[in-house]
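>>> A structural model of the following input is requested.
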Amino acid sequence: MKLIGIGFGNLVAAERVLSIVSPESAPIKRMIQEVRERGALIDASFGRSTRSVLVMDNGYLILSAQTPEILAARFADQTEGEEKGT
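Numbering: from 1, shown residues only. The predicted structure follows:
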């Protein structure tokens, strides 16, 4: 299992992430509210402004203070490492 850092020492399983999106659009805000009410929201932003939302394959959402671009670069670095056999 490959773990990716999402900020503040928090890690997620790379293969469980479906998408990384910005929290600014109305549909994503509604999704966050619905998941919060369901009890399946993980806030890993440590009180900072939420810059990205990770949609997981098990229905959970994870809020991160890192931008989607930074997280995407970390996932890309992980993928490159797998292709090189490290």
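>>> what about the residue nearest to Arg38 when sequence neighbours are not counted, is that helix, strand or coil?
Of all residues not flanking Arg38 in the chain, Gly59 sits nearest, at 8.0 Å (CB to CB, 6 or more residues apart in numbering). In this view, the C-beta of every residue, glycine as well, is placed from N, C-alpha and C. Here Gly59 is recorded as coil under DSSP: H, G, I helix; E, B strand; the rest coil.
>>> now swap in the one 3 residues further on and tell me
Assigned with three-state DSSP, Ile62 falls in the strand class.
>>> contacting residues around it?
With contact set as CB atoms under 8 Å, 6 or more residues apart in numbering, Ile62 has these partners: 6, 12, 41-44, 53-54, 56.
>>> again, but for Leu63
23, 32, 41-45, 50, 52-53.
>>> quick one: it from Glu83, how far?
Distance, Leu63 to Glu83, by CB to CB, to the nearest Å: 30 Å.
>>> one more: Thr67?
24 Å.
>>> likewise for Met31?
Distance, Met31 to Glu83, by CB to CB: 32 Å.
>>> and what of Asp77?
Asp77 is 11 Å from Glu83, by CB to CB.
>>> kindly report the same for Phe8.
Taking CB to CB as the measure, Phe8 falls 28 Å from Glu83.
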